[in-house]
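Novice: Sequence and predicted structure are below.
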Amino acid sequence: MRQRSLVGYAFISPWLVGFLVFTAIPFVASIYLSFTRYDVVSSPVWVGLANYRKLATEDPLFWKALGITFKYALVAVPVGIGAGVCLALLLNLDVRGISVYRTVFYLPSIVPVVATSVVFVWILNPQIGLVNGLLRNLGVVGPAWLQDTKWAFWSLVFMSLWAVGGSMIIYLAGLKDIPTTLYEAAYIDGANAWQRTRHVTLPMLTPVIFFNLIMGVIGAFQYFTQAYIMTQGGPDDSTHFYALYLFNRAWRYLDMGYASAMAWILFVIVMTLTLVIFRTHKRWVHYGN
Amino acid sequence: MLRKGSREPMSRRALAALWGSVLLAVVGVVIVFALPGPPPRTYPDRIPVRFWHMWTAEWKEVVERIVDRFNESQDIYEVIPLSVPGTAADSKFLLSVAGGDPPDVMAQWNPVIPKWAESGLLIPLNSLMTDTEWADFQETAYPAVKKIGMYKGNLYGVTTGLNIWACYARLDHLREEGLDPAAFPQTLEGLIAWGDRLHRFNERNELTRIGFLLTWFAQYAPAFGGGFYDWDTGEVLLDTPENLHALTYMVNERKRLGFEKVIRFQSGLATGIGNVEWPFIGGAYSITVDGQWRVEQIARYAPDLEYVTAPIPPPEGGKRHAGWTNGNFMIIPIGAKQVQGAWAFVKFWSGLEQPERAAEFYTWGGWLPLNERIAEAPFYRAYVEEHPQFQTFLDVLPSEAIQPTPPVPYQVYLWDRIIQADDSAMRGTLTPEGALDRLAREVGREVAARKEFGYAE
């Protein structure tokens, strides 16, 4: 048995070594670095709580970035869940060619996010973009989207729906898992389609919604690539997400200690939110037993 | 077939999956080995000098030609160039230094010298010069060259191509309005008046062509007597009356044209400063402000375009030949294994050694030289005669009023926040006073925090 375990560990050793070297050790080291001034090349210098104090009291951009990220999590995650569930319900219908539709809606989620971001920069171009071109045909002057302080954030929320196919496929799997007997019982009891959805489908789907909620919140607080490629935090800091500011602090301003402190604050926030969601899940997640 | 340790025969499906996996692995290995590796060295007996740069496409070819010339001229060193993606170049460089394996020499254009010098990452290049060479450099290099490359009295970057901005005006557009290019405006007010005549709008009152647009606060602030640094005292200047005057002037002009209109118009245009897809060539601008390398690009990609260049005129009572500058410069990191080879390459390219020879390299990229010796070299003069519009930039080049970004260790942060203040004011989301006030507060906080953390500045 012991020998079999060793063989098993030997097989997963490439991953184990990678995890230790590239994740676990940097993770632990970043706790120490968050109490230092560190620019990658010089030795870290201990500064105590100065990084945390500066973040809390002297850095408005930190609070602004945090606010934008919270707002994104509050808006984009529920919208994504709603869209994903609705799409899954539609794609669960027994209609001709449904597998083609499922494929079509799933495909965008496997397009690399960098490619998607570059394409959306052009789609949302106010002058020559697809969206404003369509709006123009309807006689509507579209906003300047990514170039407009009021619209840039919402443009990114809108764009997040593009990849909703990824969660949709999980909801679809969840829908397939709901016992048909429940629908039959509801039908016999006289429940109409809406009532069956409201009282059978959605409650039985809550474990999947719960999973996607947790992953969505974590993903929202790590939101980076799209903002980095499409807006660089602008216009006027309106899309200066937390992870983007963290990256800039680390790699543009070589403030690794400060960035490590930001990373730990982010970690605590995400952990707290995850725990809160976990604590509430007994009230609204149904496991069908 | 039986599985080892099992009495069950392996199913056909499992067998197919097994063979499929083996086949896939074999194909993967074949592909990996079939991919071309790095090209073999041309001079394997020489000492290798590893050179990183960030140029791509047409620019990369120019750089490689210069490297070839250097290698042909040598019998000791071989420079091996590597194009590093611009977005990751700085982090890659830092990690290479931290890891003890940096390149021997790197071409940069990002504002990195003060921070990297402060962190002890760079070799002071004056330490590689003789006293005579150092004195000669200080005497002959253009003011902007020294401002860009020096930090706290030491030289950390030797410029191999300075960038100066000036006006480009399309003659076809000027003719439409009966404007005489020989009488190009000598004041900013005059240029704006020309621009007003050259703007074009469609039936929906949207801009279809910009005559002239005041844009980029950092470029114009020096002409108003402003700027962000006192080069004598080393003080960072932000919310000064001169800067406020410049920004207010620019915002008022933008307001007149319409914040939203300009944003919409510009959003449809390519913006990369090195891009060949330049809106001026396409006719989106009648008069625009851009760098000297456009002269070479026009000659190469739009040889039939008729245009003139002129220095950016100052406002009434403002400073002539004033503006912002940056440039390409060569740095040698601490930990470089072939410092002497790297230094030989820097001198070769920059023209610190044999300026007449280096003059040719500057013309390949349409770059401005680091001193007058190169500018006056026969090859360079021949290039200017062939491209007479280039002379404008050479006229501006010796000006003391041309200023790069302040050489402070928090230069990147400072630059980001200056751009942010510019953006907020030019969009109309903050007043010029509000934008500069916020800028001063942000930078003040940053400096205070740095001092608390034990940095000198």
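Specialist: Sure, I can see it. Residues are numbered from 1 along each chain as shown, chains lettered A, B, ... in the order given.
Novice: what sits against the residue in the stretch 51-200 of chain A positioned nearest to chain B?
Specialist: Using Cβ to the nearest Cβ, the closest approach of the stretch 51-200 of chain A to chain B is made by A:Gln127 at 3.1 Å. Every residue, glycine included, has its C-beta placed from N, CA and C. Going by Cβ atoms under 8 Å, 6 or more residues apart in numbering or on different chains, A:Gln127 touches B:264-265, B:267-268.
Novice: A:His281 now?
Specialist: A:Phe210.
Novice: that's a strand at it, yeah?
Specialist: No. If the criterion is DSSP: H, G, I helix; E, B strand; the rest coil, then A:His281 is helix and not within a strand.
Novice: quick one: pLDDT of it?
Specialist: Listed pLDDT for A:His281 reads 90.
Novice: again with B:Trp19
Specialist: Value for B:Trp19, per-residue pLDDT: 89.
Novice: That one: neighbour count?
Specialist: By the measure other Cβ atoms under 10 Å in any protein chain shown, the count of residues near B:Trp19 is 10.
Novice: picking that back up, for the contacts of A:Gln127, pick the one with the most neighbours.
Specialist: B:Phe265 (24 neighbours).
Novice: Which residue, other than its chain neighbours, is closest to that one?
Specialist: Nearest-residue entry for B:Phe265: B:Leu207, 4.1 Å, with adjacent residues in sequence omitted and distances by Cβ to Cβ, 6 or more residues apart in numbering or on different chains.
Novice: how near is the residue of the stretch 51-200 of chain A closest to chain B to B:Ser267?
Specialist: A:Gln127 sits 5 Å away from B:Ser267, going by Cβ to Cβ, to the nearest Å.
Novice: follow-up on the earlier one: please identify which of the contacts of A:Gln127 is nearest to A:Tyr183.
Specialist: B:Ser267 (50.7 Å; Cβ to Cβ).
Novice: Touching, that closest one and A:Ala144? I think so.
Specialist: Yes. With contacts counted by Cβ atoms under 8 Å, B:Ser267 reaches A:Ala144, the gap being 6.5 Å.
Novice: who touches both of the two?
Specialist: A:Pro126.
Novice: and the gap between whichever residue of chain B sits closest to chain A and B:Thr208?
Specialist: Using Cβ to the nearest Cβ, the closest approach of chain B to chain A is made by B:Gly268 at 3.1 Å. B:Gly268 sits at a distance of 10 Å from B:Thr208 (criterion: Cβ to Cβ).
Novice: ok, now B:Ala182?
Specialist: Applying Cβ to Cβ to B:Ala182 and B:Thr208 gives a distance of 28 Å.
Novice: Which of those two has more residues huddled nearby?
Specialist: The residue with more neighbours, out of B:Ala182 and B:Thr208, is B:Thr208; 13 against 5, by other Cβ under 10 Å.
Novice: so what strands line up beside the host helix or strand of that one?
Specialist: Following DSSP states H and E, one finds B:Thr208 within strand B:207-209. Here strand B:207-209 has these sheet partners by DSSP bridges: strand B:200-201 (antiparallel).
Novice: just how off-centre is the strand it pairs with within its chain?
Specialist: 32 Å (Cα atoms, centre = their mean, to the nearest Å).
Novice: And for stretch B:427-434?
Specialist: 27 Å.
Novice: For stretch B:428-447, buried residues please.
Specialist: B:429-430, B:432, B:435-440, B:442-443, B:445-447 (16 or more other Cβ atoms under 10 Å in any protein chain shown).
Novice: Out of these, flag the one nearest to B:Tyr229.
Specialist: Using Cβ to Cβ, those come closest to B:Tyr229 at B:Val443, 11.9 Å.
Novice: what about residue 52, neighbour count?
Specialist: Answering for chain A, as no chain was given. Neighbour number of A:Tyr52 under other Cβ under 10 Å is 17.
Novice: you looked at the wrong chain, it should be chain B
Specialist: 22.
Novice: hang on, it in a strand?
Specialist: Yes. Judged by three-state DSSP, B:Trp52 forms part of a strand.
Novice: Quick one: list the elements packing against the next helix or strand after the strand holding B:Thr208.
Specialist: Going down the chain from strand B:207-209, the next helix or strand is helix B:217-220, by DSSP H and E. The contact analysis (3 or more Cβ pairs under 8 Å, 6 or more residues apart in numbering or on different chains; DSSP states H and E) places helix B:217-220 against helix B:241-257, strand B:323-324, helix B:411-427.
Novice: So which of the ones you listed is the most surrounded?
Specialist: strand B:323-324 (a mean of 24; mean count of other Cβ atoms under 10 Å in any protein chain shown).
Novice: List the strands paired with whichever helix or strand comes after that strand, with their directions.
Specialist: Of the helices and strands lying after strand B:323-324 in sequence (DSSP H and E), the nearest is strand B:326-331. Sheet pairing for strand B:326-331, assigned by DSSP bridges, gives strand B:105-108 (antiparallel), strand B:158-163 (antiparallel).
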